[in-house]
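Student: This is the structure alone, sequence omitted:
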């Protein structure tokens, strides 16, 4: 109990404890007065040194010093020292030194609270002095036996007071640590609240039972309300409907998800019937402590109003779909007409300028036709149409693709190899999407392979039907591998810049693969070729 443990602070907890013990100190004169009266009338035994004059004088002094002690930490050490002198004198000359055992522990706590541990040790030394005084004055009556009893009493009182003070110190330290932790938590909470309130997206946090615990002002704006959301169930706040106008529980969706929840197809209905399409991202909050480290303590949501953006996307997709459809006929007629003119120019031995001009025009028309096809595929990939499936004979499909692209491979002086070592059988999926993905892979391989071979592979695996297109072309740099599936992305590599393209092929392929319930895997090494693959699961 060193000086470092002084409790002379402004802690609310310390003030409350100190006030309690000060009240005890103020109550002591009344107890001592009653005890002195009992002694005076012979009801109980007092000190062998008792006299009524000492009783009157000391009880008056005890009342004056005890009842005039100020609240809080405003006491003077001299006042406290005088109080101890009077109390110890009262114990020696009136009640007996044994009464110190009951009163001294609370007095010790008030000493530590007000003046620190040094004053506590000085008061203990004062107690020891009065113990020696009591033994000296009663030596003629009891001799050494009385001195030993007084010494034993001193040790008992000192140990008891030390235990009480140690408990008070420990509680103070625990309480101070708790207050500090609460302040830090409150600061972190306030910081987080300021942060999430600065976000334009609605943020909501719920516990493991679906009760809202935290939200920002954007959530109130989104729901068009000024009522508190705390304590409400998430499914009562968001009245969500999915396909076929079926009521959907947001809590059930996130509670049953094994990964981050991302939905853009849910509709929230207001009480007046107005609808709002929402983009919802949800993730679980895991415990960080003990055996429940992986348990979910709650969930956090980011919610956006995507009604307008989705409406614009749908209008854009519809526009692209209509335009690409309407342009097919004039582009096809233009391409056919230019082809015929090229044939006629060749037969009539037209001037080289005319032949060159017709060739360039034909190339641009073909490029435009490919672009229209890519835009049409993009529109299909981004529409939320229901997936229509049919049974497809994979052996026939792979043979058909091989026959379609083998002539192009020969013209490019490349070897197109069909790697199907077993009978594949039938799969139920969307034929258009599957063919388009594989065609994009083969077209890319033809475009970026100068020499070598292209392998079209299909086989059965434990997970499902595995499809892959492998080439010996330029390969893809590590810096480009994560970007090749982005919309309109074109690598800065000169080989890429030398070839035409819209940068939509792989983006569309990834979108279509997602619609088929699979993901595309890319394995590539610069100057050693690339492999694009995906697996379609067996129908359950």
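Tutor: Okay, I see it. What you see is a predicted model; the values in this text were computed from it and never measured.
Student: Just the buried residues of stretch 346-364, please?
Tutor: Across stretch 346-364, burial judged by 16 or more other CB atoms under 10 Å covers 358, 361-362. The C-beta positions use only the backbone N, C-alpha and C, and glycine is treated the same way.
Student: okay if I get these as a markdown table plus distance to residue 223 and secondary structure?
Tutor: Formatted as a markdown table, these follow (distance: CB to CB, whole Å; DSSP: H, G, I helix; E, B strand; the rest coil):
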| residue | distance to residue 223 | secondary structure |
| --- | --- | --- |
| 358 | 63 | helix |
| 361 | 58 | helix |
| 362 | 58 | helix |
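Student: list the buried ones in stretch 515-530?
Tutor: In stretch 515-530, counting by 16+ other CB under 10 Å, buried: 515-516, 518, 520, 524, 529-530.
Student: So which of these is the closest to residue 145?
Tutor: residue 518 (97.5 Å; CB to CB).
Student: How about the closest one, nearest residue that isn't a chain neighbour?
Tutor: Closest residue in space to residue 518, ignoring its immediate chain neighbours: residue 534 at 4.8 Å, by CB to CB, 6 or more residues apart in numbering.
Student: Mind naming the longest helix for this structure?
Tutor: helix 144-197 (DSSP state H).
Student: That one: how far from the chain's middle?
Tutor: Distance, stretch centre to chain centre, for helix 144-197: 35 Å (CA atoms, centre = their mean, to the nearest Å).
Student: same for it, what does it pack against?
Tutor: Contacts defined by 3 or more CB pairs under 8 Å, 6 or more residues apart in numbering; DSSP states H and E place helix 144-197 against helix 12-40, helix 100-115, helix 117-137, helix 139-142, strand 212-215.
Student: Please identify the helix or strand for residue 332.
Tutor: Using DSSP states H and E, residue 332 maps to helix 307-347.
Student: quick check: mean pLDDT across that helix?
Tutor: Helix 307-347 shows a mean pLDDT of 80.
Student: got any ranges where the stretch 201-350 of the chain has weak pLDDT?
Tutor: 288-294 (pLDDT under 70).
Student: Which residue of the chain lies farthest from its centroid?
Tutor: residue 140 (78.8 Å; CA atoms, centre = their mean).
Student: how close does that one sit to residue 33?
Tutor: In this structure, residue 140 and residue 33 are 29 Å apart, going by CB to CB, to the nearest Å.
Student: re earlier: any chance of JSON lines for the buried residues of stretch 515-530, columns pLDDT, distance to residue 27 and secondary structure?
Tutor: Below are these laid out as JSON lines (pLDDT from 0 to 100; distance: CB to CB, whole Å; DSSP: H, G, I helix; E, B strand; the rest coil):
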{"residue": "515", "pLDDT": "86", "distance to residue 27": "82", "secondary structure": "helix"}
{"residue": "516", "pLDDT": "88", "distance to residue 27": "84", "secondary structure": "coil"}
{"residue": "518", "pLDDT": "90", "distance to residue 27": "82", "secondary structure": "coil"}
{"residue": "520", "pLDDT": "91", "distance to residue 27": "83", "secondary structure": "coil"}
{"residue": "524", "pLDDT": "88", "distance to residue 27": "87", "secondary structure": "strand"}
{"residue": "529", "pLDDT": "89", "distance to residue 27": "94", "secondary structure": "coil"}
{"residue": "530", "pLDDT": "91", "distance to residue 27": "90", "secondary structure": "strand"}
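Student: Under the pLDDT cut-off, which ranges of the stretch 351-500 of the chain? List them.
Tutor: 380-386, 488-500.
Student: please redo it, this time with the cut-off set to 50
Tutor: 494, 496-497 (pLDDT under 50).
Student: any chance you could map the strands in it?
Tutor: All strands of the stretch 351-500 of the chain, identified by DSSP state E, counting those that start in this stretch, fall at 390-393, 415-419, 426-429, 453-460, 464-471.
Student: what's the angle from the fourth one to strand 464-471?
Tutor: Here strand 453-460 points in a direction 180 degrees away from that of strand 464-471 (axes from the mean of the first three to the mean of the last three CA atoms, to 10 degrees).
Student: From the contact counts, what lies against strand 453-460?
Tutor: By 3+ CB pairs under 8 Å, 6+ apart, strand 453-460 packs against helix 394-411, strand 415-419, helix 431-448, strand 464-471.
Student: So which of these is nearest residue 144?
Tutor: strand 464-471 (99.6 Å).
Student: got the buried residues for the closest one?
Tutor: Neighbour-count burial for strand 464-471 [16+ other CB under 10 Å]: 464-465, 467-471.
Student: got it, and stretch 52-62?
Tutor: Neighbour-count burial for stretch 52-62 [16+ other CB under 10 Å]: 54-55, 57-59, 61-62.
Student: if we can go back for a sec, in this structure the residue nearest to residue 518 contacts residue 520, no?
Tutor: Yes. Assessed by CB atoms under 8 Å, residue 534 is found in contact with residue 520 at 5.0 Å.
Student: List the residues that are in contact with both of these two.
Tutor: Shared contacts of residue 534 and residue 520, defined by CB atoms under 8 Å, 6 or more residues apart in numbering, comprise 437, 513.
Student: Not counting residues beside it along the chain, what's closest to the most centrally placed residue in the chain?
Tutor: Compute the mean C-alpha point of the chain, and by CA atoms, centre = their mean the closest residue is residue 285, 5.5 Å away. Nearest non-adjacent residue to residue 285, counting by CB to CB, 6+ apart: residue 298, 4.7 Å away.
Student: any residues touching the helix or strand that that neighbour is a member of, and which ones?
Tutor: Secondary structure from DSSP H and E places residue 298 in strand 296-305. Residues outside strand 296-305 that contact it (CB under 8 Å, 6+ apart): 201-208, 213, 219, 222, 234, 238, 250-251, 254-255, 276-287.
Student: quick check: domain ranges of this protein?
Tutor: As assigned by automatic domain parsing, the chain contains the domains 3-178, 202-305, 311-382, 390-537.
Student: can you redo those domains as JSON lines with distance to residue 189?
Tutor: Output for the domains of the chain, formatted as JSON lines (distance: least, CB to CB, whole Å):
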{"stretch": "domain 3-178", "distance to residue 189": "16"}
{"stretch": "domain 202-305", "distance to residue 189": "9"}
{"stretch": "domain 311-382", "distance to residue 189": "38"}
{"stretch": "domain 390-537", "distance to residue 189": "37"}
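Student: Show me the one of these that comes nearest residue 185.
Tutor: Here domain 3-178 is closest among those (CB to CB), at 10.4 Å.
Student: part of a strand, is residue 268?
Tutor: Yes. Using DSSP: H, G, I helix; E, B strand; the rest coil, the secondary structure at residue 268 is a strand.
Student: and the longest strand for the chain?
Tutor: strand 275-286 (DSSP state E).
Student: separation between the closest residue to residue 486 other than its chain neighbours and residue 187?
Tutor: Closest residue to residue 486 apart from its sequence neighbours, by CB to CB, 6+ apart: residue 507 at 6.4 Å. Using CB to CB, we find residue 507 at a distance of 45 Å from residue 187.
Student: Same drill for the two, tell me which one is more crowded.
Tutor: Each of residue 507 and residue 187 has its neighbours counted (other CB atoms under 10 Å); residue 507 has more, 22 against 10.
Student: Pull up the per-residue confidence for that one.
Tutor: On the pLDDT scale, residue 507 gets 83.
Student: Then residue 170?
Tutor: 78.
Student: burial count for it?
Tutor: Residue 170, neighbours per other CB under 10 Å, totals 11.
Student: Quick check: it vs residue 177, distance?
Tutor: 11 Å.
Student: Provide a list of residues in contact with residue 86.
Tutor: Applying CB under 8 Å, 6+ apart to residue 86 gives the contacts 58, 61-62, 65.
Student: tell me the phi and psi of it?
Tutor: Main-chain torsions, residue 86, degrees, to the nearest 10: phi -70, psi -40.
Student: Also the one 5 residues further on?
Tutor: Backbone torsions for residue 91, taken as degrees, to the nearest 10, come to phi -70, psi -40.
Student: Make sure it is actually in contact with residue 97.
Tutor: Yes. If you go by CB under 8 Å, residue 91 and residue 97 touch, sitting 5.3 Å apart.
Student: which residues are common contacts for these two?
Tutor: 47, 130.
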